[in-house]
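K.L.:
generate coordinates for the sequence data below:
(one chain, ligands or ions: 1)
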Amino acid sequence: MRMLLIHSDYIEYEVKDKAIKNPEPISEEEKKGRMDEVLVAFISVEKVDEKNPDEVVEKAINEIIEVAKQVKAENLFVYPFAHLSSELAKPSVAQEVLRRIYEGLKERGYNVGKAPFGYYKAFRISCKGHPLAELSRTIVPEEAKVE
Ligand SMILES: C[C@@H](O)[C@H](N)C(=O)N[C@H]1[C@@H](O)[C@H](n2cnc3c(N)ncnc32)O[C@@H]1CO
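P.N.:
The predicted structure is shown next:
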């Protein structure tokens, strides 16, 4: 899994079109969204994550929370983003992994937003620009680590 973490004044998105055959069903109000004072996690779920989705979900949640504490962000935003890797997991696995990350962050008491899965989206983001405002993380299951 590849994550790009951007501490932002705001993130806003607008759904434009379906990008896969069966995108996540969304309501009218979910076609646009905005969150202010937020740590945005752009996430590409990778093929290697299919070896142990449980583990990568847990690791991703912990990584995001660690950065949220460092930058003192209370709002989090999970953004499915298929552009951080050339070895993407199939959509069904990716959607479930992202859903579990979203739910796990909420369970840990954070205010969490998300962008819909499976669409082309326009988005605007305002990065805060401080030294920890732009971070990336790579997460792989233990068994995928080569000696
Ligand atoms: C396209 C761009 O504007 C938009 N931002 C976009 O990326 N849309 C992606 C994700 O929402 C989702 N998606 C599919 N596979 C994956 C994956 N392995 N990991 C994450 N998301 C995925 O399906 C869409 C098409 O790949």
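K.L.:
so does the single longest strand found in the chain get close to the ligand?
P.N.:
In terms of residue count, the longest strand belonging to the chain (DSSP state E) is strand 2-18. No. For strand 2-18, no contact with the ligand is found by Cβ under 6 Å from any ligand atom; the gap never falls below 7.5 Å. Where you see a C-beta, it was placed from the backbone N, CA and C, and this is true even at glycine.
K.L.:
buried residues, stretch 79-87. List them.
P.N.:
Residues of stretch 79-87 classed as buried under the neighbour-count rule (16 or more other Cβ atoms under 10 Å) are Y79, P80, F81, A82, L84, S85.
K.L.:
A helix includes the last one, no?
P.N.:
If I follow you right, that is S85. No. Counting by DSSP: H, G, I helix; E, B strand; the rest coil, S85 is located in no helix; its state is coil.
K.L.:
for it, which non-adjacent residue is closest in space?
P.N.:
S44 (4.3 Å; Cβ to Cβ, 6 or more residues apart in numbering).
K.L.:
doesn't Y79 make contact with the one you found?
P.N.:
No. Proximity of S44 to Y79 does not meet the contact threshold set by Cβ atoms under 8 Å, at 10.2 Å.
K.L.:
picking that back up, residues contacting the residue nearest to S85?
P.N.:
Applying Cβ atoms under 8 Å, 6 or more residues apart in numbering, one finds that S44 lies in contact with M1, R2, M3, F81, A82, H83, L84, S85, L88.
K.L.:
helices along this protein, start to end?
P.N.:
In the chain, the helices defined using DSSP state H lie at 53-71, 91-107.
K.L.:
so K114 makes contact with E103?
P.N.:
No. Shown here, K114 and E103 do not form a contact pair, counting by Cβ under 8 Å, at 9.9 Å.
K.L.:
more neighbours: which of these two?
P.N.:
K114 (23 against 15; other Cβ atoms under 10 Å).
K.L.:
so that one bridges to which residues?
P.N.:
With DSSP bridges as the criterion, K114 is bridged to V78.
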